[in-house]
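*Asks:* Using only what follows, build the 3D model:
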Amino acid sequence: MAIISSSLDESNSPRSRKELRIVDSNIISEEKNNKNVNLARPNSFKEFIGQDQIKSTLKIAIEASTYRNEVLEHTLLYGQPGLGKTTLALLIAEEMNTKCRVTSAPSIERPRDIVGLLLGLKEGEILFIDEIHRLNKLAEELLYSAMEDFRLDLTMGANRGARCRTINLPKFTLIGATTKFASISAPLRDRFGICQKIEFYSVDELQEIIFNFSTLINLHLENDACCMLAKISRGTPRIALRLLKRVRDYSQVIKKTNKISLEAVEKALISQKIDNKGLDNLDRKFLSFLNLNLNYPVGLDSIAAALGEDSSMLEFVVEPYLIQIGFIIRTPRGRVLTSLGKKYINSKNEN
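*Replies:* Here you go, the predicted model:
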């Protein structure tokens, strides 16, 4: 398999200081060109940990298409950032023994960009578009006929000299990845034959991922330390590996060792202001502000103004995990702190 990548744009996070928040599941600047990140990518479905139902579905589809000597149906993968959508796309190309051309929707600014990508494809190749919900309307409409009939319908010239031209394309597979499934238009969504949601990972799966990666980077990780990291990783491998690297930095600089104990993990997390629930300073500020309002619903814009943060960043980056662990709920009138969230924030205030 070969991977041909254009510039991947990870600027979709509205927070300009996202690299400062290590429990954010978006890619940060350190990871964009870091060789250690590539070490974490498996080379086959067998090495890919978790997502068993998705792997089973994809294996059957790949074997069926190979049996019929056809290209794989267009595939849509959706879910939260950091769960392995890009990795799965690359593994599909590996299983199909073909090239994967990687790009992101924000980098496709003009129709000619998508036309160039499609014309550059060869028979059986895979085109992977990350954050496909951000495609502009013209590029999306060009994809309709390309996905369905493997052709491009282009209008050339202007006024009376305008004419239509059809360009036949080699048969290919489009794999789209998105964090906002509902933002994809219905005509585009309906053209994907395979649609799979990437779920959060269990603690056991994250432990296995962390342990395997620690072996690759020559760390001796104790079992209880591995378990602690898995529990605070928000069900996301990207966050788990990022936390592991911060603990590695602490152990190598402060302790002068590659052996990571539970004590080292706890002290490293304290230095990063992350507690045993996986919450950082921004999460606690969010909960504390709700706690001040005596269980009355608070609008998102009011919270954003009080914390000095962008409202969309709070909605898509901070709130999902707080809702997942039952600390807040969304209501039509605003956000409300639950009894679990109140108990947590009061215990922090007492400490």
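*Asks:* Excluding chain neighbours, give the residue nearest to the residue nearest to the spatial centre of the chain in space.
*Replies:* The centroid of the chain falls nearest to Pro81 when counting by Cα atoms, centre = their mean (2.0 Å). The shortest distance from Pro81 to any non-neighbouring residue, by Cβ to Cβ, 6 or more residues apart in numbering, is to Ser25 (4.2 Å). C-beta: built from backbone N, CA, C; applies to glycine.
*Asks:* Reduced to three states, what does that neighbour come out as?
*Replies:* coil (DSSP: H, G, I helix; E, B strand; the rest coil).
*Asks:* give me the number of residues near it?
*Replies:* Ser25 has 22 neighbouring residues, counting by other Cβ atoms under 10 Å.
*Asks:* ok, it touching Arg234?
*Replies:* Yes - in terms of Cβ atoms under 8 Å, Ser25 counts as a neighbour of Arg234; the distance is 7.1 Å.
*Asks:* low-scoring stretches of the protein, by residue?
*Replies:* Applying pLDDT under 70 to the chain picks out residues 1-20, 29-40, 156-162, 350-351.
*Asks:* how deep is Ile175 tucked in, by neighbour count?
*Replies:* Neighbours around Ile175, by other Cβ under 10 Å: 26.
*Asks:* The helix or strand containing it: how far from the chain's middle?
*Replies:* Using DSSP states H and E, the element containing Ile175 is strand 173-178. Per Cα atoms, centre = their mean, to the nearest Å, the displacement of strand 173-178 from the mean C-alpha position of its chain is 13 Å.
*Asks:* Do a quick rundown of the strands in the chain.
*Replies:* 3-5, 75-78, 100-104, 126-130, 151-156, 163-168, 173-178, 194-197, 220-221, 259-260, 328-331, 334-337 (DSSP state E).
*Asks:* and the strand holding Ile175, what does it pack onto?
*Replies:* Helices and strands touching strand 173-178, by 3 or more Cβ pairs under 8 Å, 6 or more residues apart in numbering; DSSP states H and E, are strand 75-78, helix 85-96, strand 126-130, helix 137-149.
*Asks:* Can you list the strands that it pairs with?
*Replies:* Partners of strand 173-178 in the sheet, by DSSP bridges, are strand 75-78 (parallel), strand 126-130 (parallel).
*Asks:* Would you tell me which of those gets closest to Lys55?
*Replies:* For Lys55, the closest of the strands paired with strand 173-178 is strand 75-78, at 12.0 Å, according to Cβ to Cβ.
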